[in-house]
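Asks: Just to be clear, the model below is a prediction. Sequence and coordinates:
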Amino acid sequence: MITTYLFYFLSFLAIMFALMVVLSKNPVHSVLYLVLTFFTIAGHYVLLNAQFLAVVHVIVYAGAIMVLFLFVIMLMNLNKETEPHKSPWLKFSAAIASGLMLIVLVGSLKGAETIIATNPFNANIGLIENLGQCLFNDFLLPFEVSSILLLVAMVGAVMLGKKSIK
Amino acid sequence: MSAIQVIPINWYLLLSTVLFTIGVLGVLFRRNAIIIFMSIELMLNAVNLLLVAFSSYLSDSKGQVFVFFIMAVAAAEVAVGLAILMMVYRNTKSTDINILNKLKW
């Protein structure tokens, strides 16, 4: 019973904070609401028995990516409401377009058949031992490729951040 | 008691659909490039949440491994994207995406 209430509470908070990310005028407030959204999503991961993923999510998103966002916003001195506003007509059409997309997605997912779990229920799949077994047995090559991707991204970010490219 | 046994998967489908749509709304609604980036992060997280939900319901850890890869790709994307934004800001003194309209067409 308490799980159901927790699910409703976390979902409500996640949707509210996500809306605040989009709607708040100040970019710093947007980043802070995004951090709160990520915390609620980490709560959902805990509810779904993905404890290790919840921890990694908090570390990577709230710890690394959000610091990067905040750092860039502070560096650009954007912490005030400087954004030029779109015309009301464009805002209206954006809201209509995304609302229609929501209706189409919900409508198409409503007719989806319920999935039947083939594996027996296992509450331990989110623990680090099972995830490591899966990651380093079945997904060893993608793991190595993603390390190359991170290296390339690092080199690219450093190169783009340089003052002038000779 | 975990959420898998009491909450049907459809609720998670609905929740991630709503979060994804809010991300789309942010991309369409705002002109500040940084907030558009945040909306893209929101969309990635909606997909991650759905992957974790399916992986838990099917008791298959492959879905959670995929979430790891998505996180790695998102980190790389944010690093490079923010570096590009810094360069745009240095050249135009603004993060308004309408300045970049020469990339249209």
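Replies: Ah, there it is. Numbering: from 1, shown residues only, chains lettered A, B, ... in the order given.
Asks: The nearest residue to residue A:133 once chain neighbours are set aside: neighbour count?
Replies: In this structure, residue A:133 finds its nearest non-sequential neighbour in residue B:61, 7.9 Å apart by CB to CB, 6 or more residues apart in numbering or on different chains. For glycine as for every other residue, the C-beta is placed from the backbone atoms N, C-alpha and C. For residue B:61, the neighbour count with other CB atoms under 10 Å in any protein chain shown is 24.
Asks: now residue B:52
Replies: If you count neighbours by other CB under 10 Å, residue B:52 ends up with 27.
Asks: Next up, the contacts around the most centrally placed residue in chain A.
Replies: Centrality entry for chain A: nearest residue to the mean C-alpha point is residue A:38, 6.2 Å, by CA atoms, centre = their mean. Contact partners of residue A:38, counting by CB atoms under 8 Å, 6 or more residues apart in numbering or on different chains, are A:57, A:58, A:61, A:62, A:66, B:45.
Asks: And chain A, what are its domain boundaries?
Replies: With domains defined by automatic domain parsing, chain A comprises A:1-80, A:127-166.
Asks: before we move on, the earlier item: where's the residue nearest to residue A:133 relative to residue A:123, distance?
Replies: 12 Å (CB to CB, to the nearest Å).
Asks: quick one, what contacts residue 11?
Replies: Picking chain A for this. A:44, B:11, B:15.
Asks: My question was about chain B, not that one.
Replies: Counted by CB under 8 Å, 6+ apart, residue B:11 has contacts A:7, A:11.
Asks: Give me the buried stretch members for the helix or strand where it lies, please.
Replies: Using DSSP states H and E, residue B:11 sits in helix B:9-29. Using 16 or more other CB atoms under 10 Å in any protein chain shown as the test for burial, helix B:9-29 gives B:9, B:12-29.
Asks: so where's chain A shaky on pLDDT?
Replies: Applying pLDDT under 70 to chain A flags the ranges A:79-86, A:164-166.
Asks: okay, the helix or strand hosting the residue nearest to the centre of chain A in CSV with CA atoms only?
Replies: Assessed by DSSP H and E, residue A:38 sits inside helix A:27-47. The C-alpha trace of helix A:27-47 is given here as CSV (Å, rounded to 0.1, in the frame of the first residue of the first chain):
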residue,chain,number,x,y,z
PRO,A,27,17.9,29.4,-16.0
VAL,A,28,19.4,28.8,-12.5
HIS,A,29,16.0,27.9,-11.2
SER,A,30,15.5,25.6,-14.1
VAL,A,31,18.7,23.8,-13.3
LEU,A,32,17.8,23.4,-9.6
TYR,A,33,14.3,22.0,-10.6
LEU,A,34,16.1,19.6,-12.9
VAL,A,35,18.2,18.3,-10.0
LEU,A,36,15.0,17.8,-8.0
THR,A,37,13.4,15.9,-11.0
PHE,A,38,16.5,13.7,-11.1
PHE,A,39,16.1,12.9,-7.4
THR,A,40,12.5,11.9,-7.9
ILE,A,41,13.6,9.7,-10.8
ALA,A,42,16.2,8.1,-8.6
GLY,A,43,13.4,7.4,-6.1
HIS,A,44,11.5,5.6,-8.8
TYR,A,45,14.6,3.5,-9.5
VAL,A,46,14.7,2.5,-5.9
LEU,A,47,11.0,1.6,-6.1
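Asks: where's residue A:154 relative to chain B, distance?
Replies: 7 Å (CB to the nearest CB, to the nearest Å).
Asks: Who are the contact partners of that residue?
Replies: residue B:79 are the contacts of residue A:154 under CB under 8 Å, 6+ apart.
Asks: I'd guess it is in a helix, am I close?
Replies: Yes - counting by DSSP: H, G, I helix; E, B strand; the rest coil, one finds residue A:154 located in a helix.
Asks: ok, it to residue A:162 distance?
Replies: Distance of residue A:154 to residue A:162, given as CB to CB: 13 Å.
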